[in-house]
Structures are given as C-alpha cells and as structure tokens.
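# just the structure for this:
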Amino acid sequence: MSTSDFVVSVRDVKKMYPLGKTEVWALKGISFDLRKGDFISIAGPSGSGKTTLLNLLGCLDTPTEGEVFLEGVSTKSLKDDQITDLRHQVIGFIFQTFNLVPVLSVRENVEFPLLIGHGKHIKPDTAWTNHLIESVGLSDWAKHKPNELSGGQRQRVAIARALVNKPRIVMADEPTANLDSRTGESIIALMKKISHELGTTFIFSTHDQRIVDVADHVIRIQDGVVV
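Residues are numbered from 1 along each chain as shown. Below you'll find the predicted structure:
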C-alpha cells in the first residue's frame, strides 16, 4: 500500500535537538500508518518522544530526517503558507491547558479558529456550532466565559473548538491530564463517540491508561523508538 491509502503515514522519522555541542535525538526512526477514523494512543514514559512526535504530525515542527505524510501529501514538500493552510483545514488541536480566550464566551471560543484562518475570515456555520456545543453538553453555557466553567467544561469547549473546522485529524496532547477521573472518563467517551460519528482520526499523546485501553491501536514509544 502507498501513503495515499492512509490518513497519516510516518516514514523513518528522526528528530534531533542541539544541546550545546551535544546532539539529542528525541526520535530515532519512527514508522507507522493510520487509517481514517482511527482512535490512536501514543503512549510512553515522560521524555520518550511522544510530544515531539505529535508536534511533527501536527506540522508544528519538522523532522530532522524522514517524512510525514498527511492524506498522502508529504509535509516536507510544502511551503510555509501551505503548512499553515493544512493546519487550519485538516488538523484540529486539543491541549491539556485548554488554551481558551478568557474574554470570549463559549460560543465565541468555539468559533475562534474560523476567524484566524491564515487571514481568511470564514463565516461561522451557526447550525454546526450549535451542534458541537450541544454534542459536548454545553448548550446552557454557550454565553458563559471560561472562568465560569469547571475544568471538564473548559476541556469540552476545547474539543468543540478543535472540531469547528471539520478537521479530518485531531491531535490531543494529554487532554485528560488536568481533569478528575470521572470527568476524564466522560471526555474520553465523548471523543470516542465523535470519532465514530464523524470518521475523525484522533491521535493522543497520553499517560492516561483509560485512553490506552479504549484506543483502536497503541503506538508505544520508549527512548525515541517504537517498542
């Protein structure tokens, strides 16, 4: 099979960071393929290279060696403006710190990515925004600011925001790290449900065994290699 058969393909990816006169290899040759709708956990101890790999998949960083393909296109061949468009049109991000804009309401936070898309103002689809807010259980909180919400509610806003562009791939970096166990379980169930309904590919960097347990596939990394 070629890379065009997969949503994500990683081919012998290596990443080196210079530390003074020393070269630190965070990734030492990673390869795998992911299909549409996969619910994937990238698991491993701290310092194993999970976040580095997620940053490469999300086009937030570039490999030192090897290639990352998204929907069959090598990110290596893209110019900066093409990478920016790819991030806005194909990829959604969920961060463990939520990264909500404090002065905006829930609705405005969800719609925010539509207003910053590489200089292109996209008119929000009100029906789609309403559907997302309802899907994450926040219809009664749409006009509230982030400081009026619990941690779990803020993460739900972050999930809806990640989906507002209808991305085919969502990258989630430790999305349950700041949540209590009950809230974390409901967030995981919500993301699994969305993955099934929309065919969205979810890729998690996580220590959370509950995400590992429900993942379709687990990519275990240790010392920069898949084990």
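# residue contacts, the residue nearest the centre of the chain?
Centroid-nearest residue in the chain, with Cα atoms, centre = their mean: Met171, separated by 1.2 Å. The neighbourhood of Met171, defined by Cβ atoms under 8 Å, 6 or more residues apart in numbering, consists of 54, 57-58, 91-94, 203, 205. Glycine gets a C-beta too; all of them are placed from N, C-alpha and C.
# quick one, helices of the chain?
50-57, 80-89, 106-115, 126-135, 151-163, 181-198, 209-214 (DSSP state H).
# most surrounded residue in the contacts of Met171?
In terms of neighbour count, Ser205 stands highest of those at 27 neighbours, by other Cβ atoms under 10 Å.
# surely that residue is in contact with Gly49?
No: assessed by Cβ atoms under 8 Å, Ser205 is found out of contact with Gly49, at 9.6 Å.
# check the gap between the residue lying closest to the residue nearest to the centre of the chain once chain neighbours are set aside and Glu148 for me.
Once flanking residues are discounted, Met171 sits nearest to Gly58: 4.5 Å by Cβ to Cβ, 6 or more residues apart in numbering. Distance of Gly58 to Glu148, computed by Cβ to Cβ, to the nearest Å: 30 Å.
# if we can go back for a sec, closest to Gly72 out of the helices of the chain?
helix 80-89 (12.3 Å; Cβ to Cβ).
# the closest one: how far from the chain's middle?
Put simply, helix 80-89 sits 15 Å off its chain's centre (Cα atoms, centre = their mean, to the nearest Å).
# ok, back up a step: look at the residue nearest to the centre of the chain and report its pLDDT.
Looking at Met171, its pLDDT reads 93.
# adding pLDDT and distance to Arg11, write the contacts of Met171 out as TSV.
Formatted as TSV, the contacts of Met171 follow (pLDDT from 0 to 100; distance: Cβ to Cβ, whole Å):
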residue	pLDDT	distance to Arg11
Leu54	92	17
Leu57	94	13
Gly58	92	17
Ile91	93	19
Gly92	91	24
Phe93	91	23
Ile94	89	26
Ile203	95	16
Ser205	90	20
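# between the residues you listed, which is closest to Ile40?
Ile203 (4.8 Å).
# enumerate every residue touching that closest one.
8, 34, 38, 40, 42, 54, 57, 169-172.
# which one of those is nearest Glu197?
Out of the contacts of Ile203, the member with the shortest distance to Glu197 (by Cβ to Cβ) is Val170, at 13.0 Å.
# returning to what we had before: surely the residue nearest to Met171 meets Gly92?
No: contact criterion Cβ under 8 Å: Gly58 and Gly92 do not qualify, at 9.4 Å.
# Ala142 reaches Val106, doesn't it?
Yes: using Cβ under 8 Å, Ala142 is in contact with Val106, at 5.0 Å.
# any shared contact partners between these two?
The contact lists of Ala142 and Val106 share Ile133, where a contact means Cβ under 8 Å, 6+ apart.
# please identify which of the two sits among more neighbours.
Between Ala142 and Val106, Val106 has the larger neighbour count (other Cβ under 10 Å), namely 28 against 16.
# can I assume that one is in contact with Asp140?
No: counting by Cβ under 8 Å, Val106 stays clear of Asp140, with 9.9 Å between them.
# residue contacts, the nearest residue to Ala162 once chain neighbours are set aside?
Nearest residue to Ala162, sequence neighbours excluded (Cβ to Cβ, 6+ apart): Gly92, at 3.5 Å. Going by Cβ under 8 Å, 6+ apart, Gly92 touches 161-165, 167, 169-171, 200.
# all set now, cheers.
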